[in-house]
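Asks: Kindly generate the corresponding structure for this input.
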Amino acid sequence: MKNINVLHVIKNTGTESQQISALQKYTDINLHVLIPTGVKLNSIPCTTYSNANEIKKLIKNISPDIIHTHDSHELRTIASKAGKFKLVHSQHNVEELNFFAKLTVGNLSDIVIATTDKARESLIKTGTSATKIRMVFNGTEPLAEDEKTQIELRNKLNITKTDFVVACLGNSHTDTILNTAKELPYNVIVIILGSDSRTMPENLNNVRIADVNNTEDILSIADVITCPPQYEMYKPLFLGMSIGKPIIALNMNRYIMEDKINGLTIPSFEADKLDDAITRLKEDPPLYSTLSNGARKRFAERFTIQKMANNIADLYKRLIE
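Replies: Below is the predicted model of the structure:
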């Protein structure tokens, strides 16, 4: 099969740039990008546009095999009117559409990529057929561990090498986490990322508050990751999995986390259930080792940048076969 020519049309350089960069690095897809005037995307050939007519003209001049748009109903519509091209769309965020847009959206793309469960739900809610949607989670490079940084962070947070550390992602259930901490042994340290320190009760010595900007460093010293229900900030989960951190969660997408494979599923997000799961992992080293190895394996098989790129490239190839 010849190399496939794919034209990405974007409005911003957020998550979409990650997909494009990964395709450039790990596949043989020929890429070109249309980008608004004044927006920059490093190391990838780009052509700027300022309005819809320019986009249409550029599409006809480039004449790609596939047009790939991102997070924009407007761009999907423009691409669908530019000619008889194969159309792919990535939805990274939840999008609201008006009544008339919902009536037409179903015919705007041949394949639609959802990168989160909420994005998929949003697509279906706004008129995209479920048969067109493919889940491709945005992958990540494995977390780089730095022993010096870990030691400095442990010292800063007054955490010893023998403490069992629980990294709590999200701040929507802080009260539940604090109630859990009250029941845990003194040498189980709970780190809440992104919470307000004013919510901290007095005399709770096994809880630390950390800035979300330090998420990667916190993950590197954690033993276990917990996240609240409906949590979809997947990158921290994937980073933790890349270095063997089991997950404790409720209602997690089973493609990401499965009970007794790379984490523990709890029946409800309540203090006693969290306490039981954390204590179980702390006091059962063979189980912990099994889940830690499972986390590394699942990351390597499903959530690397290269895997994401290959999944998208496979969709392209099937589309033009």
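Asks: make it CA atoms for all contacts and neighbour counts henceforth
Replies: OK.
Asks: Give me the residue at the spatial middle of the chain.
Replies: Nearest residue to the geometric centre of the chain (C-alpha atoms, centre = their mean): Tyr234, 3.4 Å.
Asks: And it, how far from Met135?
Replies: Noted for Tyr234: a distance of 13 Å to Met135, by C-alpha to C-alpha, to the nearest Å.
Asks: can you pull the contacts of Glu183?
Replies: Taking C-alpha atoms under 8 Å, 6 or more residues apart in numbering as the definition of contact, the neighbours of Glu183 are Asp275.
Asks: That one and Lys273, how far apart?
Replies: Between Glu183 and Lys273 the computed distance is 11 Å (C-alpha to C-alpha).
Asks: Any chance you could list what contacts stretch 31-50?
Replies: For stretch 31-50, the surrounding residues in contact (C-alpha under 8 Å, 6+ apart) are 5-13, 17, 20-21, 24, 55.
Asks: and the nearest residue to Asp71 once chain neighbours are set aside, how many neighbours does it have?
Replies: Leaving aside its sequence neighbours, Asp71 sits nearest to Gln91 (C-alpha to C-alpha, 6 or more residues apart in numbering; 4.9 Å). Around Gln91 sit 25 other residues, with neighbours defined as other C-alpha atoms under 10 Å.
Asks: Likewise for Val190?
Replies: Neighbour count for Val190, taken as other C-alpha under 10 Å: 25.
Asks: what residues does the least confident helix or strand in the chain by mean pLDDT touch?
Replies: Lowest by mean pLDDT, DSSP states H and E among the helices and strands of the chain is helix 99-104, with a mean of 78. Outside of helix 99-104, the residues within contact range by C-alpha under 8 Å, 6+ apart are Thr126, Gly127.
Asks: May I have the strands that pair with whichever helix or strand comes after it, each with its orientation?
Replies: Downstream of helix 99-104, the next assigned helix or strand under DSSP states H and E is strand 111-114. According to DSSP bridges, strand 111-114 forms sheet pairs with strand 86-91 (parallel), strand 133-135 (parallel).
Asks: could you dump the first one to PDB, C-alpha only?
Replies: Only the C-alpha atoms of strand 86-91 are listed here, as PDB (Å, rounded to 0.1, in the frame of the first residue of the first chain):
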ATOM      1  CA  LYS A  86     -12.400  10.500   3.400                       C
ATOM      2  CA  LEU A  87     -13.100  12.200   6.700                       C
ATOM      3  CA  VAL A  88     -11.800  11.500  10.200                       C
ATOM      4  CA  HIS A  89     -12.600  13.500  13.300                       C
ATOM      5  CA  SER A  90     -11.100  13.400  16.800                       C
ATOM      6  CA  GLN A  91     -13.200  14.500  19.700                       C
END
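Asks: tell me which element Val6 is part of?
Replies: Assigned by DSSP H and E, Val6 falls within strand 5-9.
Asks: can you list contacts of that strand?
Replies: By C-alpha under 8 Å, 6+ apart, strand 5-9 touches 20, 29-35, 59, 64-70, 75.
Asks: could you point out where the stretch 51-200 of the chain is predicted with low confidence?
Replies: Along the stretch 51-200 of the chain, the model assigns pLDDT under 70 to residues 195-200.
Asks: Quick one: the helices in the stretch 151-300 of the chain, in order.
Replies: Using DSSP state H, counting those that start in this stretch, the helices assigned to the stretch 151-300 of the chain run over residues 174-183, 215-221, 234-242, 271-283, 285-302.
Asks: what's the least confident stretch among those helices?
Replies: Within the helices of the stretch 151-300 of the chain, confidence is poorest for helix 174-183, with a mean of 92 (mean pLDDT).
Asks: report the angle between the axes of it and helix 271-283?
Replies: Interaxial angle of helix 174-183 relative to helix 271-283 (axes from the mean of the first three to the mean of the last three C-alpha atoms, to 10 degrees): 50 degrees.
Asks: Name the residues of helix 174-183 that come out as buried.
Replies: Thr174, Ile177, Leu178, Asn179, Thr180, Ala181, Lys182 (16 or more other C-alpha atoms under 10 Å).
Asks: residues contacting the second one?
Replies: When contacts are counted by C-alpha under 8 Å, 6+ apart, Ile177 touches Cys168, Ala271.
Asks: Would you quantify the distance from it to Leu157?
Replies: Distance, Ile177 to Leu157, by C-alpha to C-alpha: 18 Å.
Asks: what sits against Glu162?
Replies: I think there's a mix-up here, since residue 162 is Thr and not Glu. Counting by C-alpha under 8 Å, 6+ apart, Thr162 touches Asn187.
Asks: returning to that earlier point: just the buried residues of helix 174-183 now: which is nearest Ile124?
Replies: Closest approach between the buried residues of helix 174-183 and Ile124, by C-alpha to C-alpha: Thr174, at 31.7 Å.
Asks: Which segments of this protein make up each domain?
Replies: Using automatic domain parsing, the domains assigned to the chain come out as 5-139+305-320, 147-302.
Asks: Met135 is in contact with Ile312, correct?
Replies: No - applying C-alpha atoms under 8 Å as the test, Ile312 and Met135 come out as separate, 9.9 Å apart.
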